[in-house]
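J.: just the structure for this:
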Amino acid sequence: MGRIFVAGSINMDVVATAERHPRVGETIAGSAVLYFPGGKGANQAVAAAKLGAATTLIGRLGKDAFGQELRTFLAAQGVDLSFVKDTAEAHTGTAIITVADADNTIVVVPGANAMVRSEDLAAPVLARDDIAVSQFEIPLAAITVFFKQARAAGATTILNPAPARKFERELLDLVDILVLNETELGFLTGRELRDSDERARFLDAARSLAGKDRIVCVTLGKRGVLALVKGEPLVVAGREVKAIDTTGAGDCFVGALASQLAIGSNLRDALGYANAAASICVQRMGAAPSMPTAAEVTHLLGA
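T.: Presented below is the predicted three-dimensional model:
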């Protein structure tokens, strides 16, 4: 059984709930303000750990109250924090989130996440059966070092290029599995894509990011997952649920996918499992705290 190493951001999410999102320049009344552990790296690590995978998180926290609270929370979820450093040079990463009608808008202030260095990610020793996971809320140069090390060890690399930004081909060439939504796919391929588009449009865009052996997985919310595997489409049907908060759903998917690949599941089963986990996540408030347990996902799949 492989281990999971997640290199990524750790944030405190400050969530304001309202009936609708404000327009530009408008002030509206909200209904509540809530604080949740988050950050794409932390979310994915918590998702994998709660599903039973041996999971190590690599990142940085500020030496402040948020940092202490996040460290306590992550440890309680079973995440190994041996490679999470405290830094006095910046505050703990913070995300300002507005949730209205189950949709969210997010402004991320990186803080300590921007201080993650290549040497931080060179420290863990990976093995052949391990899974290396990262996203785009830490410096790209550090991710490149991390994936080079993973490739050298024979580990599988999973990249979630979110928030979407342009990146060098060198990094893409180090990716075994690329997981992204339609917005990120559109940004990286220079196309206008909507979640209601025909599958053929997503496949055409995905082909420009797929290498000879690189798998591209496009998450489409309630429409499920569309993967491109060696040029052939693989479709996982969606699940109709009443979403309360979609924050962290993509991270839940990535963490769950990694957890299943680490135990040797085939890709179709791993994608179906991850899709089921994400459908549970969106029915709860918050990011990291909304991640389901293995028992919950097994029960849903059994039903």
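
J.: which of the helices and strands in the chain ranks last by mean pLDDT?
T.: Every helix and strand in the chain was compared by mean pLDDT, DSSP states H and E; the lowest is strand 103-109, with a mean of 87.

J.: adjacent strands (with direction) for it?
T.: Applying DSSP bridges, strand 103-109 is found paired with strand 93-100 (antiparallel).

J.: show me what counts as buried in the strand it pairs with.
T.: The neighbour-count check on strand 93-100 (16 or more other C-beta atoms under 10 Å) flags 93, 94, 95, 97, 98, 99, 100 as buried. Backbone N, C-alpha and C define where each C-beta goes, glycine included.

J.: could you export those residues as a markdown table, including distance to residue 10 and pLDDT?
T.: Listed next are these as a markdown table, based on distance: C-beta to C-beta, whole Å; pLDDT from 0 to 100:
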| residue | distance to residue 10 | pLDDT |
| --- | --- | --- |
| 93 | 6 | 97 |
| 94 | 10 | 96 |
| 95 | 11 | 89 |
| 97 | 15 | 88 |
| 98 | 21 | 92 |
| 99 | 20 | 87 |
| 100 | 26 | 90 |
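
J.: tell me which element residue 125 falls in.
T.: Using DSSP states H and E, residue 125 is not contained in any helix or strand.

J.: flag every buried residue along the very next helix or strand once past the least confident helix or strand of the chain.
T.: Scanning forward in sequence from strand 103-109 by DSSP H and E, the next helix or strand is helix 118-122. Going by neighbour count (16+ other C-beta under 10 Å), the buried part of helix 118-122 is 120, 121.

J.: what's the helix or strand just after helix 118-122 in contact with?
T.: Once the chain leaves helix 118-122, the next helix or strand it forms, by DSSP H and E, is strand 131-135. For strand 131-135, contacts defined as C-beta atoms under 8 Å, 6 or more residues apart in numbering pick out 2-9, 40-41, 44, 48, 126, 143, 146-147, 149-150, 155-162, 251, 254-255, 258, 261-262.

J.: so where do the helices sit in the stretch 101-250 of the chain?
T.: Assigned by DSSP state H, counting those that start in this stretch, the helices in the stretch 101-250 of the chain fall at 118-122, 140-153, 169-172, 182-189, 199-207, 249-262.

J.: so which of these gets nearest residue 32?
T.: helix 249-262 (20.3 Å; C-beta to C-beta).

J.: helix or strand next in line after that closest one, which one?
T.: Next element after helix 249-262 (DSSP H and E): helix 267-281.

J.: show me what that next one is packed up against.
T.: If you count contacts as 3 or more C-beta pairs under 8 Å, 6 or more residues apart in numbering; DSSP states H and E, helix 267-281 packs onto strand 215-219, strand 225-229, strand 232-236, helix 249-262, helix 294-302.

J.: now with 6 Å, please.
T.: Where contact means 3 or more C-beta pairs under 6 Å, 6 or more residues apart in numbering; DSSP states H and E, helix 267-281 is packed against strand 232-236, helix 249-262, helix 294-302.

J.: now tabulate the buried residues of strand 93-100 in a markdown table and tack on distance to residue 298.
T.: Shown next, in a markdown table, are these (distance: C-beta to C-beta, whole Å):
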| residue | distance to residue 298 |
| --- | --- |
| 93 | 33 |
| 94 | 35 |
| 95 | 31 |
| 97 | 30 |
| 98 | 34 |
| 99 | 28 |
| 100 | 33 |
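
J.: among those residues, which one lies nearest to residue 238?
T.: residue 99 (21.3 Å).

J.: how about the contacts made by that closest one?
T.: 15, 17, 245 (C-beta atoms under 6 Å, 6 or more residues apart in numbering).

J.: gap between it and residue 174?
T.: Relative to residue 174, residue 99 is positioned 35 Å away (C-beta to C-beta, to the nearest Å).

J.: same deal with residue 211?
T.: 10 Å.

J.: dump the helices of the stretch 101-250 of the chain to CSV, plus distance to residue 30 and mean pLDDT.
T.: Below are the helices of the stretch 101-250 of the chain laid out as CSV (distance: least, C-beta to C-beta, whole Å; pLDDT from 0 to 100):
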stretch, distance to residue 30, mean pLDDT
helix 118-122, 37, 94
helix 140-153, 34, 97
helix 169-172, 38, 96
helix 182-189, 25, 93
helix 199-207, 35, 90
helix 249-262, 22, 97
